[in-house]
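Peer 1: next input, structure requested:
(3 chains)
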Amino acid sequence: MSDVAPFTPAVRLSHLGDDVKTRIFEAALRVLADVGASVQHDEAVRLLQKAGCSLDSDGLVRVPRPAVERALSSAPNAFTLYDRDGAAAMELGGHNVYFGTGSDLMWQYDPHTGEHRPSRLDDIARVARVCEALPNMDFVMSGAYPTELDPRGVYAVTFLTMMRNCTKPLVIVAESEIDLGVIIDVAADVRGGRDQLRERPYFLAYVEPVSPLSHPAESVAKLLLCADAGVPVAYVPAPLLGATSPVSSAGHVVQGMAECLLGLVLHQHRAPGAPFMFGVNQGTLDMVSGQPSYAAVEGFMNYLTVVEMAKWLGLPNWGISGCTDSQAIDAQLGLEVGELTLLSMLLGSNLNHDVGFMGFGLTGALEEIVITDEFVSMNKKLLSGIPVQDEDLAVNVIAEVGPKGHYLRHPHTRRYLRKGPGQWRPRLLNRDNRDRWVECGGLDLREKARRKVQAILESEGPPTLDPVLLALAEERVAALKASPKVGSPS
Amino acid sequence: MSLFEDLKLNVEQGKKEAVLALVAQALDQGHSAQQILQQGLIAAMDIVGAKMEQEEMFIPEVLRAAKTMEAGLEILKPLLGVGDMQVSGKVVMGTVKGDLHDIGKNLVAMLLSSAGFEVIDLGINVAPAVFAQKAEETGADFLGMSALLTTTMPMMAATIEELEKAGLRGRVRVLIGGAPVTQAYADQIGADGYASDAGAAIKVAKELGALVA
Amino acid sequence: MSTTRHAIIEEIIEAVVEGEPEPVIAGVRRALEAGVDPETVLNDGLTAAMTSVGDMLDRGEVFIPDVLWSAEAMQEGLALLLPHLSEGASRSAGTVVLGTVQGDVHDIGKNFVGLMLSGAGFEVVDLGHDVTAEAFVEAVAEHGAGLLGMSAMLTTTMPVMSRTLQLLEARSLRSGVRVLVGGAPVTQSYADKIGADGWAIDATKAVAVAKELV
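Peer 2: Numbers count the residues shown, from 1 in each chain, chains lettered A, B, ... in the order given. Sure thing, here's the model as predicted:
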C-alpha cells in the first residue's frame, strides 16, 4: 500500500513464552477489574459504564474482562499514516519498524554554534527539515518546545511549523481538546475535508494518562476527540520504575498495560475500529540521584516486554529509539542510541519516537538524528537476513575458484554486488585508512554528523505548502491564540 | 555503641520502632529533648543528606529515614520549648493546575520536612487562587510549585500574579521546579528560586531562608 | 574531433567503466575504422576511463571487483589497439615486477595492486606469492624492470624485503630499479629504514606512488 516497502526484520528478538505473556495480561486484567482507576472526566465515566465498567463508591472505575476483550477485538491490528500529500507512508502494525523524533525538548545544541541554549521555534523547523532529508526517518515530532513564544496555542504553532518544513507524517502533542481540535481542522483542510482526513490520517496524536492509574480530564478529552475524528492516537502512560509504578519490571508492565487498556476500552467503545496505538513508556527513576533515565537498562528490559505484549495483543505499538542520557554528543550517546535502536528493530517495534533526545529528554541535537539514521540504515541490512538459494550457497563458484584462487574477479562476486544484495556502505562511519582519514581532515563522527546537518539545512527544503492552505491554517491558529479558552489560568 | 550513635544509626536505617524506643530511653536517662533532637535526629539526617550526596543511599531509603526521624520528633515535640524547635521555614507546596504529576513534588516535600521545614502539601492540580489563599492562611515563608508539563508551566506565572494581587509577594519566596522548568523560565516569571532536583530544592530553600532571616 | 568520433570515445569510456569487454573491443574497432588516432583512443578513451573508475572507487561509488573488471575490459581494448600504436606511444608506463615475499602466501592485496597497475598502463610481471629475494632480483634483471613491488602481510616475512634490497645492491641492480613496498604491517618508517623508494597504504595509492617513481 505504501509507496516505499516497509522495513520488517527477518532476524527477530522474542523472549517471552505464551504462558508468561498470559500471566502478564491476566495480571493487568486483575488491576483493571479489582484495583480500578481514577477517571477525571464525567462523560468518559458514563461511557465506560455503558461499556460494562462500574463506578464504585470509592470513586474509582473498574473494568471487567469482557470490556477489555471486546475492545481488543474491535481495535485494528494495523493502520496507515499518510504524508502531507496524501500518499501512504507508514503501515503501523505487524513487525514494521519506523523511526522519528520526540517532542518538547527544552534545550538544544545549536547546530551552528554548538552552544547549549533554550529551544526555539526555528529548531522545530530544522528538526523537520533534517527528518525530511533523511531516508530512515519516517515521521516527525516537534523535537523542541518554542520557549520564546507565548504558550497560548503553542502546539498549534508547532504543528504548523512541522507541516511547513516537511512532507512526512507527523506525530503531535496538544494541550487540550481545544488546540487538538484546531490541529485536526488544519489537517482536514490539507486533506480537503474531515472524511478525507479520516480516510488518510496525516498525523498521530500522543496522549498520556498519569501513572499510577490516573486519567486526567484533558487526556481523556483528547482521546475521545481522536476517536470521534478517526485520528490515530497513542494512549501511552509513562510510569517511572519504582516511583510511579512497581519497581519490578513485570509489575511496571502490568500497571502500564492496565492504564493503556483502560484508554483502549473507552476509545473503542466511543468509536469501534478507530485506530489506536498501544504502548507503555519505559522511564526508570535513578534511585540514587532521583533522575528519570531514558536509557537505564531496567527500562530497556521493560521495553522488551511491552513490545512483545503489543504483538501478542495484536495492537500496533508505540516505541522508543535514538535517545540517550548523555549530555554530550559522545561515545555514550552512540552506545545508548545504538543499543535501544537495535532493540527496537529486533523487536519489530512499530513507531519509534525520541530520536535526537539527550540528557533525559531535555536536550536535543540534530547530529544525533543524523547518526541514528546511519545506524538504522546499517541495521536494516543486518536484520534483513541472508538468502540461501543455490546461487547464494555458491558451491559452483567455490569449485571454480578452488584453492589459492580469489573471488575478486569472479562474475558471481560482481553480480552479487551489482545486481544482488550489494554491500552496505557507510555514509558517516569511518572506513578510511589512517592516511586518507587524516588527509580528509581527521573528522570524528560528531563533526561528520554536524557537517551533514549543515548540508541538509543549506539544501533546498521540501516543496512549499499551498499558500491558500497556509493562510487558512494561520488564520485558524491565530483565532485559537486569541480564544479566551486557551491557556487561561481560571 | 553510645546511645546517640545507636539512635543515629537507627534513624539512618529507618528503623522506626528502635528509634522510638531509643528516644524514650534517652529521655529516661535524663537527656534533654533539645539534645536528643540536635545530637540524635538532626545529626542523623545530616549524615543521610551527606550520604545521599555521595550517592551511597537509594532515594526510598532516604525517605524512610526522613519518616523515621519525624516519628522520633513527634515524641519530642511536646517537650521542646518554643525556641528549641527552630523551623527552617514554612512551605506551602503543590503541583500546578492542570498537572497531576506529583512524584517529584512529593519527594521535595518529604526532604524539605526532614530538613526542618514545615510543609503544607496541597497535592496536585492546585489553582493559582488556592496557592495564594493557603499561603496567606498559613503565613507561609515559601511557596513551592511543580510542573511536569510544558502546557502547565504558565500556571506558575499565573500563581505569582495571584500572590501579587493578594499583596503576599513581598513575604513569600517562590521556589519552582519540574522537568521542563529552567532557571531562565524562573527568571522570566520572577520566581525567587529554581531547583533542578530535590536535593537542590533543599539547598535553594535554605539559601532563600537565610536571605529572609 | 567530429561528433561521431567523440561519441565512439564516450562509448569506449562507458564500456570500460561498466567493465564489459565486448563493447570495449567493439568500440575500439569502430574508432579505428572511423579513423580516430589510436593514441587518442588510448589516452582519451581507455586511460581516461580507468582514471575515472579510480576516482569512482575513491568516492565509494563502485566496488573493488568493478575496478578489476574495468581493468580487464581495458586490457582487451588495449590488445586490439597495440599494433596500431607508434613505438613511442605504445611503450607502457613501465615494467613492474611484483610478488608476495617468501614465507607469505597472502596475495589478494598484491593481486589487486597488480590489476590496478596494469589498468594504469604498466606492464606487470606477477611472480605470485612465496617469492624469494633471489627470484625477485633475477626477475628484475631478466625483464629490465624499472619498478619492483613487494608485498608482505606478516611481520615475520617483512625482513625478506630488506634482504631483497641488499641483494639488489650486491648485484649492482639497485640504481636501475625503484622499489615499492606495501602490506598491512608495512609502514612508511619501515620503508625508510630498509631504504625502499616508496610505500603505499592501499592499491589506489600504490598506483599513484608507482607513477611518481617512474
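
Peer 1: what comes up buried for stretch B:6-19?
Peer 2: Within stretch B:6-19, the residues scored as buried using 16 or more other C-beta atoms under 10 Å in any protein chain shown are B:D6, B:L7, B:K8, B:L9, B:N10, B:V11, B:E12, B:G14, B:K15, B:K16, B:A18, B:V19. All C-beta atoms are positioned from the backbone trio N, CA, C, and that covers glycine.

Peer 1: dump those into CSV; add secondary structure, pLDDT and distance to C:P21 as well.
Peer 2: Shown next, in CSV, are the buried residues of stretch B:6-19 (DSSP: H, G, I helix; E, B strand; the rest coil; pLDDT from 0 to 100; distance: C-beta to C-beta, whole Å):
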residue, secondary structure, pLDDT, distance to C:P21
B:D6, helix, 95, 93
B:L7, helix, 96, 94
B:K8, helix, 95, 90
B:L9, helix, 95, 88
B:N10, helix, 96, 90
B:V11, helix, 95, 88
B:E12, helix, 94, 84
B:G14, coil, 94, 84
B:K15, coil, 95, 88
B:K16, helix, 94, 90
B:A18, helix, 96, 92
B:V19, helix, 96, 92
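
Peer 1: measure B:L41 to chain C for me?
Peer 2: 69 Å (C-beta to the nearest C-beta, to the nearest Å).

Peer 1: oh sorry, the question was meant for A:I369
Peer 2: 22 Å.

Peer 1: ok, A:A89 next?
Peer 2: In terms of C-beta to the nearest C-beta, A:A89 sits 29 Å off from chain C.

Peer 1: one step back: mind putting the buried residues of stretch B:6-19 into TSV with distance to B:S146?
Peer 2: Listed next are the buried residues of stretch B:6-19 as TSV, based on distance: C-beta to C-beta, whole Å:
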residue	distance to B:S146
B:D6	37
B:L7	33
B:K8	31
B:L9	33
B:N10	32
B:V11	27
B:E12	27
B:G14	25
B:K15	31
B:K16	28
B:A18	34
B:V19	30
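
Peer 1: residue in chain C with the shortest distance to chain B?
Peer 2: Residue nearest to chain B within chain C: C:G60 (42.9 Å; C-beta to the nearest C-beta).

Peer 1: so that residue sits in a helix?
Peer 2: No: if the criterion is DSSP: H, G, I helix; E, B strand; the rest coil, then C:G60 is coil and not within a helix.

Peer 1: with adjacent residues omitted, what lies nearest to it?
Peer 2: Spatial nearest neighbour of C:G60, chain neighbours left out: A:R425 (5.6 Å); criterion: C-beta to C-beta, 6 or more residues apart in numbering or on different chains.

Peer 1: my read: the one you found touches C:R59, true?
Peer 2: No: between A:R425 and C:R59 there is no contact under C-beta atoms under 8 Å: 10.6 Å.

Peer 1: now do B:Q86, the pLDDT please.
Peer 2: Looking at B:Q86, its pLDDT is 63.

Peer 1: rewinding a little: so for A:R425 and C:R59, which residue has more residues nearby?
Peer 2: A:R425 (13 against 8; other C-beta atoms under 10 Å in any protein chain shown).

Peer 1: dihedrals phi and psi, that one?
Peer 2: Main-chain dihedrals, A:R425, degrees, to the nearest 10: phi -120, psi 130.

Peer 1: rewinding a little: tell me the one of the buried residues of stretch B:6-19 nearest chain C?
Peer 2: Using C-beta to the nearest C-beta, the buried residues of stretch B:6-19 come closest to chain C at B:E12, 60.0 Å.

Peer 1: tell me which parts of chain C are close to chain A?
Peer 2: C:19, C:60, C:63-66, C:68-69, C:72, C:105, C:107-108, C:111-112, C:115, C:201-202, C:205 (C-beta under 8 Å from any C-beta of the partner chain).

Peer 1: go with 10 Å
Peer 2: C:18-19, C:58, C:60-69, C:71-72, C:105, C:107-108, C:111-112, C:115, C:128-129, C:187-188, C:200-202, C:204-205 (C-beta under 10 Å from any C-beta of the partner chain).

Peer 1: in chain B, where is pLDDT below threshold?
Peer 2: The model of chain B has pLDDT under 70 over residues B:82-87, B:209-213.

Peer 1: cool, chain A as well?
Peer 2: Using pLDDT under 70, chain A drops low at A:1-4, A:487-490.

Peer 1: let's see 50
Peer 2: A:1-2, A:489-490 (pLDDT under 50).

Peer 1: what's the single longest helix in chain A?
Peer 2: When chain A is parsed with DSSP state H, its longest helix is helix A:249-270.

Peer 1: following element in sequence after that one, please.
Peer 2: Once helix A:249-270 ends, the next helix or strand along the chain (criterion: DSSP states H and E) is strand A:276-277.

Peer 1: each with direction, which strands does that next one pair with?
Peer 2: When pairing is defined by DSSP bridges, strand A:276-277 lines up against strand A:233-235 (parallel).

Peer 1: which outside residues touch the strand it pairs with?
Peer 2: A:92, A:171, A:180, A:201, A:204-209, A:215, A:219-220, A:222-227, A:259-264, A:266-267, A:274-279, A:316-318, A:350-351, A:353 (C-beta atoms under 10 Å, 6 or more residues apart in numbering or on different chains).

Peer 1: related to what we said a few turns ago, could you single out the nearest of the buried residues of stretch B:6-19 to chain A?
Peer 2: Of these, the one sitting nearest to chain A (C-beta to the nearest C-beta) turns out to be B:G14, at 14.5 Å.

Peer 1: list the contacts of the closest one.
Peer 2: B:V48, B:P60, B:E61, B:V62, B:L63, B:R64, B:A65, B:A66, B:K67, B:T68, B:M69, B:A71.

Peer 1: so the first one touches B:I59, yeah?
Peer 2: If I follow you right, that is B:V48. No: using C-beta atoms under 10 Å, B:V48 is not in contact with B:I59; the gap is 11.1 Å.

Peer 1: which one's more surrounded, these two?
Peer 2: Neighbours per residue (other C-beta under 10 Å) separate B:V48 from B:I59, with B:V48 holding more: 27 against 21.
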